[in-house]
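K.L.:
sharing a model prediction with you, sequence too.
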Amino acid sequence: RPMMGAGGSQLAFSKYHGIGNDFILVDNRASRELLLTPAQAERMCDRNFGIGGDGVIFALPGEDGADYAMRIINSDGSEPEMCGNGIRCMAKFVAALEGRATSHTYTISTRAGPIIPALTADGLVAVDMGRPILDGAKVPTTLPADASGRVIGAPLDVAGRRWAVTCVSMGNPHAIVFVDSLDESSLPLSTIGPLFEKHAAFPARTNTEFVKVLSRTHLQMRVWERGAGATLACGTGACALLVAAVLNGLAERRATVSLPGGDLEIEWRESDGKITMTGPAELAYTGHVALD
Ligand SMILES: N[C@@H](CCC[C@H](N)C(=O)O)C(=O)O
């Protein structure tokens, strides 16, 4: 499946990552139409025949008062509602396009609503991720909910094991399970992950976070992402798992989440119910690709 078209038009891109969750960023500010089809985006994400990435992110013109709009295509060509690591990368990308070196706060519209990333003086990006959605019907899942409609520690049989699953949406769906060990021997991710992702209990498929509680302020996770598989990090997943840990009485409302690619600081504020995610976003390289 070669993706480089001989003699075709060229597209400029920038490759960014947020603790190893890597994205191809495209300047789509001149149009509300995506410059690539989902099939082209999927081919670009191919790590052998393309540029390689967990997704393609498009920076579009803002709408409804937002500075910009973000859309993302997963590496399998599907379109999710939000991406936490991606929006940190997008903030750095549009700041570079604007030639902005100083701290700045953007409002970016997404399919999950407006999200507000702030570039901070120390080079990190602190993102107001809004409020988690806890209503099981809206996550969505068919797993049994409690009296308040929340799905907390619901039993689910996958791969011959019974798991206790907590469901949280950050605009995109997450299933969180707490485990004693994240070792590959007890958690073969590429076997178990797809069984969760495509389980009938999750009608929109699901991202799945496997979480080990190191302390009440330090959580470790491995993730199997919907539409992307095993990734080094998932920002919406880190937010969702902190919420799940609080709901299960396992963590404080502010904690460090250690992912395979690095750490994120997550806070779920009691005052307004909103979540802040803070972490890095780095430019890896820029380039041009010939479109097929
Ligand atoms: N890696 C992202 C999430 C990207 C979308 C996800 N694969 C989905 O389909 O919901 C993050 O950092 O949040």
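P.N.:
Right, received. Where do you want to start? Residues are numbered from 1 along each chain as shown.

K.L.:
all contacts plus neighbour counts: C-alpha atoms, from now on.
P.N.:
Will do.

K.L.:
list the contacts for S109?
P.N.:
Applying C-alpha atoms under 8 Å, 6 or more residues apart in numbering to S109 gives the contacts 62-63, 66-70, 115.

K.L.:
from H17, how far out is the residue nearest to L124 when sequence neighbours are not counted?
P.N.:
Nearest non-adjacent residue to L124, counting by C-alpha to C-alpha, 6 or more residues apart in numbering: P280, 4.7 Å away. Distance, P280 to H17, using C-alpha to C-alpha, to the nearest Å: 9 Å.

K.L.:
what about these two, which has more around it?
P.N.:
The residue with more neighbours, out of P280 and H17, is H17; 25 against 20, by other C-alpha atoms under 10 Å.

K.L.:
who does the more buried one bridge with?
P.N.:
Beta-bridge pairing for H17 (DSSP bridges): D22, E282.

K.L.:
likewise the one 10 residues further on?
P.N.:
For D27, the residues forming beta bridges with it (DSSP bridges) are A59.

K.L.:
grab the nearest non-local neighbour of C234.
P.N.:
N85 (6.3 Å).

K.L.:
okay, and that neighbour sits in which element?
P.N.:
helix 84-98 (DSSP states H and E).

K.L.:
and the contacts of that helix?
P.N.:
With C-alpha under 8 Å, 6+ apart, helix 84-98 has contacts from 14, 16-19, 21-23, 25, 57, 59, 70, 101, 106, 117-119, 125-127, 129, 233-236, 279-283.

K.L.:
note down every partner strand of whatever helix or strand comes next after that helix and its orientation.
P.N.:
Counting by DSSP H and E, the next helix or strand C-terminal to helix 84-98 is strand 104-105. Here strand 104-105 is paired, per DSSP bridges, with strand 113-119 (antiparallel).

K.L.:
can you list the residues of the chain near the ligand?
P.N.:
Residues of the chain that fall close to the ligand, judged by C-alpha under 6 Å from any ligand atom: 74, 80, 82-86, 172, 225-228, 234-237.

K.L.:
list buried residues within these.
P.N.:
74, 80, 82-86, 172, 225-228, 234-237 (16 or more other C-alpha atoms under 10 Å).

K.L.:
can you tell me which of the residues you listed are in helices?
P.N.:
Assigned to helices by DSSP state H, the following of those qualify: 84-86, 235-237.

K.L.:
now the helix or strand hosting P155: mean pLDDT?
P.N.:
Using DSSP H and E, the element containing P155 is strand 154-158. On average, the pLDDT along strand 154-158 is 98.

K.L.:
what do you get for stretch 168-181?
P.N.:
Taken as a whole, stretch 168-181 carries a mean pLDDT of 98.

K.L.:
which residues are in contact with it?
P.N.:
Taking C-alpha under 8 Å, 6+ apart as the rule, stretch 168-181 contacts 80-82, 111-113, 129, 131-134, 136, 138-140, 153, 163-167, 187, 204-213, 236-237, 239-241, 243-244.

K.L.:
now for the residue nearest to A238 when sequence neighbours are not counted: which residues touch it?
P.N.:
Nearest non-adjacent residue to A238, counting by C-alpha to C-alpha, 6+ apart: V257, 6.4 Å away. Going by C-alpha under 8 Å, 6+ apart, V257 touches 218-221, 238, 263-266.

K.L.:
try V26
P.N.:
Shown in contact with V26 (C-alpha under 8 Å, 6+ apart): 12-14, 56-59.
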